[in-house]
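In: Here is a sequence with its predicted model. Questions after.
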Amino acid sequence: MPKIVSARLIVTSPGRNFVTLKIQCDDGTTGLGDATLNGREMAVASYLQDHVIPCLIGREAHRIEDIWQYLYKGAYWRRGPVTMTAIAAVDMALWDIKGKVAGLPVYQLLGGAAREGCMVYCHANGTSIEDTIATAIRHRDEGYRAIRLQCGVPGLASTYGVAKAGQRYEPADADLPSESVWSTEKYLRVVPELFAAAREALGWDVHLLHDVHHRLTPIEAARLGKDLEPYRPFWIEDATPAEDQEAFRLIRQHTTTPLAVGEIFNSIWDAKHLIENRLIDYIRATVVHAGGLTHLRQIASLADLYQVRTGCHGATDLSPVTMAAALHFGLSIPNFGIQEHMPHTDETDAVFPHHYRFEDGMMHPGDAPGLGVEIDEALAETYPYKRAYLPVNRLEDGTLWSW
Ligand SMILES: O=C(O)[C@@H](O)[C@H](O)[C@H](O)CO
Ligand SMILES: [Mg+2]
């Protein structure tokens, strides 16, 4: 049985910041785990370095469940994004090690392929409706079967998910959070126009998605869901802030547009009420922020009882290690729905050589043992950490609203 002899962190910024945990065993096997918590990266790095790594040394790497329970229950302070991201990093690295020792890709350890590949959706972000649709057409021609549409809002400056000409939002350049102005009224006028134009231009054979980024009230979200119904969106995401989960009942009473929630969830307890009350259709919890494969599997199993499917978060602030883990997971579970795919920069792909691949709108994790991702540490060192944040938004009168 391989024993853990060392564990260390690699922090690199080849476009965005990534925190990676590398665990090494006495037989020489190494495993990688993603520990990236966008905008709060160093908090997780410290949690691992100062508190978790000392507890790992000498443990049997194959005892994944026991180590998970030890880190979760032993912390006393259960749940929370920092804790659960740190546990996720350890968990991913241990599955990677188990796969390498067994000579099997992780999806085989999870039960084997339940489908041929994972359908992914990409992003079409534009400054205008025309611009967004031109990007969407390009992505469809690349083979994507599902596309998330976000466009600039006339009269508003750009913010995350809403771009304006000459003001494209660049998170990695912001040393402090940038501030933008938000207007729900203006936003709610443009999204149905975008979807109408998109169906006109793209037809009905491609799935269309939209992310609201938690910026609406329940009745506004209900209105948006109804307005989009004629265009059959695959989902609207994060329609309202999910702290108030009963809000989704109100949205549901008004619209059959499918709802996706959960990229900021870190525990099955965040998702339980929404799933058991059938208030959502897709759960977006991810490997990296929801306690790793060990815990995400529990969330997906609960969701499966209620025909809620997965739609895991996959933005570029989740590292290629998470992308690989998500694909092993998605390939093997019964209730996979869709996986987000925002391609990383070439620099990031070079730092994290990997075996996953995109073909014909689907992704596959590949058949290399373990997760199938490595890290080029010398190259990683050439991209030092740079503090970076998501933006914040205020209403036109200055009230702080959302990110
Ligand atoms: O659904 C998405 O891809 C966005 O909401 C991203 O999650 C955001 O950049 C934080 O990672
Ligand atoms: Mg989102």
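Out: Great, that's in hand. Residues are numbered from 1 along each chain as shown. Ligands and ions are numbered 1, 2, ... in the order given.
In: Show me where the stretch 101-250 of the chain has its strands.
Out: All strands of the stretch 101-250 of the chain, identified by DSSP state E, counting those that start in this stretch, fall at 118-126, 146-151, 179-182, 207-211, 235-237.
In: Of all the ones you listed, which one is nearest ligand 1?
Out: strand 207-211 (4.8 Å; C-beta to the nearest ligand atom). Where you see a C-beta, it was placed from the backbone N, CA and C, and this is true even at glycine.
In: What is that closest one packed up against?
Out: The contact analysis (3 or more C-beta pairs under 8 Å, 6 or more residues apart in numbering; DSSP states H and E) places strand 207-211 against strand 146-151, helix 184-202, strand 235-237.
In: hmm, 6 Å instead?
Out: Counting contacts by 3 or more C-beta pairs under 6 Å, 6 or more residues apart in numbering; DSSP states H and E, strand 207-211 is packed against strand 146-151, strand 235-237.
In: returning to that earlier point: can you redo the strands of the stretch 101-250 of the chain as a markdown table with mean pLDDT, mean neighbour count and distance to Pro353?
Out: Shown next, in a markdown table, are the strands of the stretch 101-250 of the chain (pLDDT from 0 to 100; neighbours: other C-beta atoms under 10 Å; distance: least, C-beta to C-beta, whole Å):
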| stretch | mean pLDDT | mean neighbour count | distance to Pro353 |
| --- | --- | --- | --- |
| strand 118-126 | 97 | 23 | 20 |
| strand 146-151 | 97 | 24 | 27 |
| strand 179-182 | 90 | 18 | 36 |
| strand 207-211 | 98 | 23 | 29 |
| strand 235-237 | 98 | 25 | 31 |
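In: could you dump those to TSV with distance to ligand 1?
Out: TSV is the format used below for the strands of the stretch 101-250 of the chain (distance: least, C-beta to the nearest ligand atom, whole Å):
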stretch	distance to ligand 1
strand 118-126	7
strand 146-151	8
strand 179-182	14
strand 207-211	5
strand 235-237	6
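In: Now render the ones you listed as a markdown table, adding distance to Leu9.
Out: Shown next, in a markdown table, are those (distance: least, C-beta to C-beta, whole Å):
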| stretch | distance to Leu9 |
| --- | --- |
| strand 118-126 | 29 |
| strand 146-151 | 32 |
| strand 179-182 | 31 |
| strand 207-211 | 30 |
| strand 235-237 | 31 |
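In: which non-adjacent residue is nearest Ala315?
Out: In space, and not counting its chain neighbours, Ala315 is closest to Met342: 5.1 Å by C-beta to C-beta, 6 or more residues apart in numbering.
In: Report the contact partners of the one you found.
Out: His123, Ala315, Thr316 (C-beta atoms under 6 Å, 6 or more residues apart in numbering).
In: and the closest residue in space to Arg284 that isn't next to it in sequence, what is it in contact with?
Out: Computed as C-beta to C-beta, 6+ apart, the closest residue to Arg284 that is not its neighbour in sequence is Gly262, at 3.9 Å. Gly262 is in contact with Ala271, Ile283, Arg284, Ala285, counting by C-beta under 6 Å, 6+ apart.
In: Now do the helices in the stretch 251-400 of the chain.
Out: Taking DSSP state H, counting those that start in this stretch, the helices of the stretch 251-400 of the chain run over residues 268-276, 292-305, 320-332, 346-351, 377-381.
In: Distance to Gln150 added to the contacts of Met342, as a markdown table?
Out: Shown next, in a markdown table, are those (distance: C-beta to C-beta, whole Å):
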| residue | distance to Gln150 |
| --- | --- |
| His123 | 7 |
| Ala315 | 12 |
| Thr316 | 14 |
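In: just these now: which is nearest ligand 2?
Out: Ranked by distance to ligand 2 (C-beta to the ion), those are led by Ala315 at 7.0 Å.
In: Pull up the gap between the residue nearest the centre of the chain and Leu176, please.
Out: Closest to where the C-alpha atoms of the chain average out (C-alpha atoms, centre = their mean) is His313, at 2.1 Å. His313 sits 24 Å away from Leu176, going by C-beta to C-beta, to the nearest Å.
In: I'd say Asn266 and Thr85 touch.
Out: No - checked against C-beta atoms under 6 Å, the pair Asn266 and Thr85 is beyond contact range at 7.4 Å.
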